[in-house]
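[1] starting from these lines, generate the structure:
(one chain, ligands or ions: 1)
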Amino acid sequence: MQTTTSGTTSSKRLISALVFVVLGVAVVGAVGFTLHSLSADPQKPLYATKSSETIVVDGKTYPKASATLGVYPDKATAAEDGYKINKKDYVQYGPSTHLVLPAHTYVTVTIHAYDGGEQLNNPYFGKVVGTVGGTINIDGVDVSNVASDNVQHTFTLHGIPSTSQDPLFVNVPLPQVKEGDKGFLPTQDPGTHFKGHTVTFSFITGGAGDYVWNCEYPCGDGSYAKFGAAMSTYGYMSGKVTVK
Ligand SMILES: [Cu+2]
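    Reported below is the predicted structural model:
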């Protein structure tokens with residue numbers, strides 16, 4: 001009798017120990033999975049297309065590469081360019097917010113920008129910074145700044161100061177598509193079928209490194225002084241740049 005009782009008790013103990021271990025593994029797994037999905041790329045990375053051409057800048061020869069992005073007021077407009085990548089109907093960059101660029105390369109980025117806007121809260125981000133020649137090309141015209149009340153979004157690429165990777169800072173203000181009573185007005189830009197602006201700029205990457213970019217125009221919803229929604233959700237107005 002004594003033996004049976006003690007046998008039952010120890011098998012109960014064994015079962016509860018096993019349940020405890022299984023639950024522990026499940027909790028660790030769930031936390032790991034959540035952290036992994038939070039840090040994962042929201043879209044497939046966009047690799048810049050390498051060219052066989054080279055270019056000489058300040059006496060140095062660089063290989064060339066290019067990438068094309070779009071900026072859209074909503075999911076439907078992104079879908080018109082073939083990008084069905086995001087769950088939320090926010091303003092968004094596409095096709096990816098993670099760019100992968102080759103090191104020590106002259107990178108040319110083209111952005112088709114289809115949104116309206118209001119006023120930058122920091123006029124600094126209306127200035128072009130860090131591009132070759134200090135300019136960007138908007139619908140065929142080189143400019144070095146966009147008025148702070150004419151910006152729809154910015155592409156602002158930066159990294160933390162570091163001894164282990166080269167500095168990289170690029171700020172590109174994108175001009176607004178003007179709006180009338182019935183929505184967006186046609187533009188002069190055939191590159192976007194007269195629906196947006198085509199903005200082209202080039203910069204030179206250093207060595208391998210991890211950088212981030214974000215939009216500095218407050219384009220979120222009304223919460224947090226327009227820094228909510230698209231501005232506070234990763235993968236719409238913010239992303240990564242990997243140089244390798
Ligand atoms: Cu924005």
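[2] just give me the neighbour total for Phe194.
    Number of residues near Phe194 (other CB atoms under 10 Å) recorded here: 12. Every residue, glycine included, has its C-beta placed from N, CA and C.
[3] need the pLDDT of the closest residue in space to it that isn't next to it in sequence.
    Distances taken as CB to CB, 6 or more residues apart in numbering put Pro186 closest to Phe194, at 4.5 Å, once the chain neighbours are dropped. On pLDDT, Pro186 comes in at 98.
[4] can you tell me the element Pro186 falls in?
    For Pro186, there is no helix or strand it lies in under DSSP states H and E.
[5] quick check: it vs Gly140, distance?
    Pro186 is 16 Å from Gly140, where distance means CB to CB, to the nearest Å.
[6] could you do Trp213 as well?
    From Trp213 across to Gly140, the span is 25 Å (CB to CB).
[7] neighbour count winner among those two?
    Taking neighbours as other CB under 10 Å, Trp213 and Gly140 compare with Trp213 leading, 24 against 11.
[8] specify the beta-bridge partners of the more buried one.
    As for beta bridges, Trp213 partners with Leu157, Gly239 under DSSP bridges.
[9] looks like it contacts Ser238 (just checking).
    Yes: with contacts counted by CB atoms under 8 Å, Trp213 reaches Ser238, the gap being 6.9 Å.
[10] what touches both of the two?
    By CB atoms under 8 Å, 6 or more residues apart in numbering, Trp213 and Ser238 have these common neighbours: Thr97.
[11] average pLDDT for the lengthiest strand in the chain?
    The residue-count maximum for a strand in the chain (DSSP state E) belongs to strand 60-72. Across strand 60-72, pLDDT averages out at 98.
[12] what comes up buried for it?
    Buried residues in strand 60-72, counted by 16 or more other CB atoms under 10 Å: Tyr62, Pro63, Lys64, Ala65, Ser66, Ala67, Thr68, Leu69, Gly70, Val71, Tyr72.
[13] what residues of stretch 50-59 count as buried?
    Buried residues in stretch 50-59, counted by 16+ other CB under 10 Å: Ile55.
[14] wait, I meant stretch 69-88
    Quick answer for stretch 69-88 (16+ other CB under 10 Å): Leu69, Gly70, Val71, Tyr72, Pro73, Lys75, Thr77, Ala78, Asp81, Tyr83, Ile85, Asn86.
[15] which among those gets closest to the ion?
    For the buried residues of stretch 69-88, the residue nearest the ion by CB to the ion is Val71; the value is 7.3 Å.
[16] contacting residues for Leu168?
    Counting by CB under 8 Å, 6+ apart, Leu168 has contacts Gly130, Leu157, His158, Gly159, Phe203, Thr205, Gly206, Gly209, Tyr211, Val241, Val243.
[17] list, one by one, the residues from the chain near the ion.
    His153, Cys215, Tyr217, Cys219, Met237 (CB under 5 Å from the ion).
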